[in-house]
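Undergrad: got a predicted structure here, sequence first:
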Amino acid sequence: MSGGELPESYGTQRMFLAARDPHWLYASWDIPVEQQRENNSRSRDGHMLLRVFAEDEEKSAVPEIHLHPESRNWFVNVPRAGTHYRAEVGYYSPAGEWSAVSASQSTFSPPDTPSNEVAAEFATIPPEVTFQEVVEMVQEFVTQNEPLLEAVVRANEAARASESPAQPRANGEQISAHTFESGAQHAGATRRQHDETPTGRRNPPQPKSIDDRNAVVGRGE
């Protein structure tokens, strides 16, 4: 390997699983080449297998996938959208016993139907607060596959509930209350900006008929 090339493996022996879309998952595993060859030699099939499970079910969600001996990643078609999946790679011994090599954390495949939620949420993070600070602030509040905005809101609410009026927060220690201004204020300001003409006047109402258009022309608008 030359100085500018990335290693084939970092040797972490970790497995990563992510949803590409509602019915496709992407799985990858970081297993050293030598170890993968050893696993292949121990396998009764001559290679490792990939298993995918839905939710907390013990039965595989899809048939076991026989991997190429040199494979380090795989796309998996799954039957159910809006479902938590987890995966593992391993092999069967000559005696038929399963030996897991690496397992992933759970991932969530998005729904394949339109959402019933149509509300819009707006939030403003002060410019002096970096994204890394936001992430660190809400890490303890983040649950699996929860949107970051929801975690930020919960972290802010918890911080306000834990402090007393006599002990205000120092600037920058927490995201202030004005961070989460209402969507109505934001949308209202946007509407006012677009509703005004460059001269400061509101746009005249659009005529609904030929007579109305004639009336507008007659007024010299």
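TA: Nice, thanks for sending it over.

Undergrad: OK, contacts around the nearest residue to residue 11 once chain neighbours are set aside?
TA: In space, and not counting its chain neighbours, residue 11 is closest to residue 32: 4.8 Å by C-beta to C-beta, 6 or more residues apart in numbering. Yep, even glycine has a C-beta here, placed from its N, CA and C like the rest. By C-beta atoms under 8 Å, 6 or more residues apart in numbering, residue 32 lies in contact with 9, 11, 13.

Undergrad: name the nearest of the residues you listed relative to residue 87.
TA: Nearest to residue 87 out of these is residue 13 (C-beta to C-beta; 14.5 Å).

Undergrad: tell me the pLDDT at the closest one?
TA: Note on residue 13: pLDDT of 90.

Undergrad: check the gap between it and residue 65 for me.
TA: To residue 65, residue 13 is 19 Å away according to C-beta to C-beta, to the nearest Å.

Undergrad: what does residue 83 give?
TA: Residue 83 is 18 Å from residue 65, by C-beta to C-beta.

Undergrad: check residue 121 too.
TA: 39 Å.

Undergrad: residue 158 sits in which helix or strand?
TA: Residue 158 is part of helix 148-162, with elements assigned from DSSP states H and E.

Undergrad: just the mean pLDDT for that helix, thanks.
TA: On average, helix 148-162 scores 71.
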